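Engineer: have a look; sequence and predicted model below, questions after that.
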Amino acid sequence: MSELASGSDDPRIEALLNVNAELAAEIRSLQAGRISEPRSAAMPAARRLGRLTEELDELRAERDNLEAHRKGLEAQNQELASHIHELSQEYDELAAQLQAHGRELERLRSGWRGVLRRIRARLLRT
């Protein structure tokens, strides 16, 4: 058992081993007659166990709530990722349309026909 315990880095296990060692030393002292009565516990074991059980139940409920919340966030994340993908595709399509319109505008403005169109537009504005 000491090999298992010494290989563990869990502080709870270390604390339990320390308490176990203290209790064993107290039992040996009682048997040897060095002390007349055992020390009193700070809290009765049944009450302490009940409190720990309640705390465990509360923590389990909190864990379940957090798990449900995490699943909701994951679903929301998936929806947002899908929406971002759709928007990215729409952006690419609009960018391609803008380039096509730019090329068309440049074609209409260039050459002698483009010059005539601009002169006509200026005359119509005045």
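Structural biologist: Good, I have the coordinates.
Engineer: in this structure, which helix has the most residues?
Structural biologist: Looking across the chain with DSSP state H, the single longest helix is helix 45-109.
Engineer: alpha carbons of the helix or strand that that one is followed by, in CSV - could you do that?
Structural biologist: Remark: after helix 45-109, the chain's next helix or strand is helix 111-125, criterion DSSP states H and E. C-alpha atoms of helix 111-125 as CSV (Å, rounded to 0.1, in the frame of the first residue of the first chain):
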residue,chain,number,x,y,z
GLY,A,111,-11.8,54.3,-75.7
TRP,A,112,-13.4,57.0,-77.8
ARG,A,113,-16.9,55.6,-77.0
GLY,A,114,-16.2,56.1,-73.3
VAL,A,115,-15.1,59.7,-73.8
LEU,A,116,-18.4,60.3,-75.8
ARG,A,117,-20.5,58.8,-73.0
ARG,A,118,-18.8,61.0,-70.4
ILE,A,119,-19.3,64.2,-72.5
ARG,A,120,-22.9,63.3,-73.1
ALA,A,121,-23.5,62.7,-69.3
ARG,A,122,-21.9,66.1,-68.5
LEU,A,123,-24.1,67.8,-71.0
LEU,A,124,-27.3,66.1,-69.7
ARG,A,125,-26.4,67.2,-66.1
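Engineer: helices or strands up against helix 111-125?
Structural biologist: helix 45-109 (3 or more Cβ pairs under 8 Å, 6 or more residues apart in numbering; DSSP states H and E). (Glycine included, C-beta is placed from N, CA and C.)
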